[in-house]
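Undergrad: just to be clear, the model below is a prediction. Sequence and coordinates:
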Amino acid sequence: PASSDVFVTVGTTQFDALCEAVDSAESLAALKEGGYGGIICQHGRGAYVPSGEAAPAGFAVSSYRFKAGLEEDMRAARLVISHAGSGSIFEALALCKPLIVVVNEALMDNHQAELADALEAEGYLLSTTPEGLPAAVERLRGVELRPYPGGEAEAVAEALAGALGVAESRAS
């Protein structure tokens, strides 16, 4: 795939609404206006394959279904746009990448939305819906996201407890 500074992932799921949203003229224009040169979209089991037909001149769009690991693409990206799966969220945050999480509103009992909203409230990422993606890309330009406290288990536990609004219970 073409090199790119935006990496989009749906993980192992099917999330055509995210792939369609990122491939829209509005999202592609917002990304280009934000200084990005292209996207690589990992579209998983979805039926929709981003075509880039609506891409502004000089903006590259490529995609693939799956590969062994996504870390290389995440590491190379200047921005990650991800579904709301906790694995993808924490992988991007651990790499200190600016992150826009797109919540799949079609899921019942949406714990993913709760996690994304809590992490947004703490300033680690932006959370949106497929329809809100172009506005989230524009909003990212005016926001300074906090670095996630990484692999220190205690810091991660504190951040999660704060984000989810629960008191930490420490066994003594």
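TA: Everything's here; your move. Computed from a prediction, not measured in an experiment: that's the story for all the values here.
Undergrad: helices of this structure, start to end?
TA: With DSSP state H applied, the chain shows helices at 16-22, 25-33, 71-76, 86-94, 111-121, 133-140, 153-164, listed in chain order.
Undergrad: residues of the fifth one that come out buried?
TA: To tie it back to what came earlier, the one meant is helix 111-121. With burial defined by 16 or more other Cβ atoms under 10 Å, the residues of helix 111-121 counted as buried are 112, 113, 115, 116, 117, 118, 119, 120. (Each C-beta comes from the backbone N, C-alpha and C, glycine too.)
Undergrad: what does the third one give?
TA: For helix 71-76, the buried set under the neighbour-count rule, 16+ other Cβ under 10 Å, comprises 73, 74.
Undergrad: for it, packing partners?
TA: Here helix 71-76 touches strand 6-9, helix 86-94, going by 3 or more Cβ pairs under 8 Å, 6 or more residues apart in numbering; DSSP states H and E.
Undergrad: can you pull the contacts of residue 96?
TA: Contacts for residue 96 (Cβ atoms under 8 Å, 6 or more residues apart in numbering) come out as 147, 148.
Undergrad: start the count at 24 instead of 1 going forward.
TA: Got it, first residue is 24 now, which makes that one residue 119.
Undergrad: please identify the deepest-packed of the helices of the chain.
TA: Comparing these by mean neighbour count (mean count of other Cβ atoms under 10 Å), helix 39-45 comes out on top with a mean of 22.
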